[in-house]
Every structure is written in structure tokens, then in C-alpha cells.
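Student: My questions concern the predicted model and sequence given below.
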2 protein chains.
Amino acid sequence: MGATKTDHFTDNQNQLAILAKALGHPARIAIMEYLLKVDTCICGDIVNELPLSQPTVSQHLKELKNAGLIKGSIDGNSICYCINEPGLEKIKGFFEHISAHLEKKRNECC
Amino acid sequence: MGATKTDHFTDNQNQLAILAKALGHPARIAIMEYLLKVDTCICGDIVNELPLSQPTVSQHLKELKNAGLIKGSIDGNSICYCINEPGLEKIKGFFEHISAHLEKKRNECC
DNA sequence: TGTTTATATTGCAATATTACGATATAAAAT
DNA sequence: ATTTTATATCGTAATATTGCAATATAAACA
């Protein structure tokens, strides 16, 4: 045990879970907020912004990248990390879908 | 280590992370989708819907409830679990906020 | 009352995540 | 060529999550 039983769920469910999981840490929420805030994408700043060590931040960035929420392009010596819109739209769509459904059946239970 | 350093992040960041983390498992995505699909909220069905044991499903429900994404009300012998709109609106708002910002600065980097 | 039905809790093993020091890599600057 | 700067990877300890069998709880029903 300990491992998630992904086999029994749909690709869509697994994909949404991966996206949500990637955001399931305050440092990664903070990174997304920071990437949104700054106009330039020079990202060595992220380490200075967060109360975590450089290796830890690097690891969080990797997870966001693997999930498809950010992308990074090499810029000489440093790396430019930015928000990856498709990943964001995917998970945003999930919540909009739920909200739209709830509108229709408000107050039918509980 | 192994514990998240929540102290150094804002309440808002921690709250969003808790909500996202709760959805970071395909079973919990499936539960949300199921609660949305069925009109009645009779929820013993959830165990039958998922490829997981009753104790495991119960635990996933507990996590969704703790995060504020669902609520449960006792209905005689069984329990009625439903989507909790405020929790959902909170995290939906986060994605809408990001999307709105991205509209304004499209193509400025990467 | 005794049994069934629905759900929660406990206990535990397997695995994953978090965090960081130490180290590696590779471009930039001197 | 050496040093500095920016980032990634490795190794490892601490903690959290996942999943289930066994058991507990508590309402419904016979």
C-alpha cells in the first residue's frame, strides 16, 4: 500500500488529481502567485521570495513543471519559469464545470 | 523533515493548498464528480462506485470534509454527503484570478 | 432483544512527500 | 583558466499518505 491506485480511475480523473496535487503545497501556491505578480520571468528570485532552501525550491518547481502548470526556458545562465496556460485552463475548467452544475440544482439536498 | 512548513506562508496560501491537496487524488476527484452527477445524496453508493474498500472511501470522504469541499448530514442510518459550495468557490476563485491576470499579460515571456 | 445495515475508527505495512546539506553542472564574468 | 552565479541532482532523515483487515458504533428492522 501507500501507492495511489491510478489504474482504476479514468485518465481525466488522474490528470485532474495530478494538477490539484501539484498545487497542494503552500510553497507551490506561492510560486504560482509570484509568477503571476512579476512582469519579468527572471526566476532566481523565487528562491529569495520563499522561506525554503534552493534545493527545496528547485524540487517544487520541478513538480509544478511535471504537472504541466509551469514551463521553464533556459536563458543563458538562469532559467525563465512561467505559467503554462493549458494546464491551468484544464483544472480551471473542472471547477467551472462543477459550479455550472451546482447552479442548476441548488438547495436540492443537505 | 517531511512536514510542510506552513508557518512561513500566508493563511490564504495555506488554505488554497489544503483545498488543492484534498483534490490531489483520483478517488477524491471521482467522489466530487459522483456527488455532482447524482440527484439524490444517498451516499452508501459511493463505496460501490469506487474500486476501493469501505474504510478507504470513508477516509477519503473525511479528507474532503476536513478541507471544506463536502459536507455530510446524518439521515437516520446513513449519511448524506454533498458538495460544500463555499469551499469550492474559494478554490475556483483562485483559478479565475490567475486566468484574469494572464489575459492581460499574454505573450510577454517564455 | 438480536440481527442487519451503514459508516467510522484503529492499527499497521507499503509507499510518497518534504526538506536540506553536499555535490554536480554549466554558463558568465573576471 | 579560474571563479562566480544559477540551477539541478543525490542522499538521507523525518513525516505524511494510501489502503485494507479487523473492529467499533449506532440506527433500523425483525
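Tutor: Arrived safely.
Student: make it CA atoms for all contacts and neighbour counts henceforth
Tutor: Will do.
Student: residues in contact with the residue of chain A found nearest DNA strand D?
Tutor: Using C-alpha to the nearest atom of the strand, the closest approach of chain A to DNA strand D is made by A:G44 at 2.6 Å. By C-alpha atoms under 8 Å, 6 or more residues apart in numbering or on different chains, A:G44 lies in contact with A:S78, A:I79.
Student: Quick check: it vs DNA strand C, distance?
Tutor: 13 Å (C-alpha to the nearest atom of the strand, to the nearest Å).
Student: how much space between that residue and A:L61?
Tutor: Counting by C-alpha to C-alpha, to the nearest Å, the gap from A:G44 to A:L61 is 11 Å.
Student: and A:I29, that's in a strand?
Tutor: No. Counting by DSSP: H, G, I helix; E, B strand; the rest coil, one finds A:I29 to be helix, located in no strand.
Student: Hmm, it is touching B:I18, no?
Tutor: No. Here A:I29 does not reach B:I18: they are 10.4 Å apart, not a contact under C-alpha atoms under 8 Å.
Student: Now do the nearest residue to A:L19 once chain neighbours are set aside against A:G24, distance only.
Tutor: Excluding its sequence neighbours, the residue lying closest to A:L19 (C-alpha to C-alpha, 6 or more residues apart in numbering or on different chains) is A:A67, at 5.6 Å. Using C-alpha to C-alpha, we find A:A67 at a distance of 12 Å from A:G24.
Student: and chain A, which residues reach DNA strand C?
Tutor: Listed as neighbours of DNA strand C in chain A under the rule C-alpha under 7 Å from any atom of the strand: A:1-4, A:24-25, A:27, A:52-53, A:55-56, A:60, A:76-77.
Student: let's see it at 10 Å
Tutor: Contact residues, chain A versus DNA strand C (C-alpha under 10 Å from any atom of the strand): A:1-5, A:18, A:21-28, A:47, A:50-60, A:63-64, A:74-78.
Student: Now, the residues you listed that are in helices?
Tutor: Among these, the members falling in helices (DSSP state H) are A:18, A:21-22, A:26-28, A:47, A:54-60, A:63-64.
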